[in-house]
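K.L.:
output the structure for:
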Amino acid sequence: MVDAQIQCRSVSGLTNDQRQGLLLVLQEVNNAAGWSFELPVLLRDRAWLRLSRIPLQQLHRLLPPDGREEAPELIRYRNLLKRGLEPLIAQEQCWHEFGMADCQRAQKAFWRSREHSNHGWTAERYRRLISGYRVRIERRITTVPMLVLARQDSDEHHELVWVSESTPVMRHTCA
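P.N.:
Below is the predicted model of the structure:
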């Protein structure tokens, strides 16, 4: 029930034309031969009341995921801390393995990325969208991912909603 409420809130406010467009996109996905990076993804910009359809293969260009948190130097450092090493010893170990300059570059890039919000759109979330889409298509579940974009200059995260014919707004049951 909570998922239905979240979906309802995320797709409420669509115009009749946008709802009709959603049905056409769902029909296209239903008729697709199988998994492909040509399958559609929807981007909803609430500030401009815009709903865009793009091929999945263009998503990373239009909405680049932030992978700075996944730099090998930072992953190694975190793993050393988990194993119980003191932070200074872990840092020196990383300097030895990767070089001081590369470790500092990775740390600076990570901290700079924290200054400007990526609205929670990380490389991990991007990969989960792709793998989730693929699994649904391979199981012949007709659904389309819609990213509800966070408002500019906010701390909100982009919200991923899986739209299907059973999404509440498609059945006109949102209150």
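K.L.:
output the below-cut-off pLDDT ranges for the protein.
P.N.:
Confidence mapping of the chain against pLDDT under 70 gives the ranges 1-11, 114-117, 167-175.
K.L.:
now the strands for it?
P.N.:
Secondary structure of the chain by DSSP state E: the strands cover 40-45, 50-55, 144-148, 159-163.
K.L.:
of these, which stretch is the most buried?
P.N.:
Comparing these by mean neighbour count (mean count of other Cβ atoms under 10 Å), strand 144-148 ranks first with a mean of 22. The C-beta positions use only the backbone N, C-alpha and C, and glycine is treated the same way.
K.L.:
now do that one: which elements does it pack against?
P.N.:
The contact analysis (3 or more Cβ pairs under 8 Å, 6 or more residues apart in numbering; DSSP states H and E) places strand 144-148 against helix 2-11, helix 16-31, strand 40-45, helix 123-138, strand 159-163.
K.L.:
what do you get if the cut-off is 6 Å, keeping everything else the same?
P.N.:
strand 40-45, strand 159-163 (3 or more Cβ pairs under 6 Å, 6 or more residues apart in numbering; DSSP states H and E).
K.L.:
hang on, the earlier thing: for residue 125, find the nearest of the strands of the chain.
P.N.:
Closest to residue 125 of the strands of the chain, according to Cβ to Cβ: strand 159-163, at 7.3 Å.
K.L.:
distance of residue 76 relative to residue 108?
P.N.:
For residue 76, the distance to residue 108 equals 17 Å [Cβ to Cβ, to the nearest Å].
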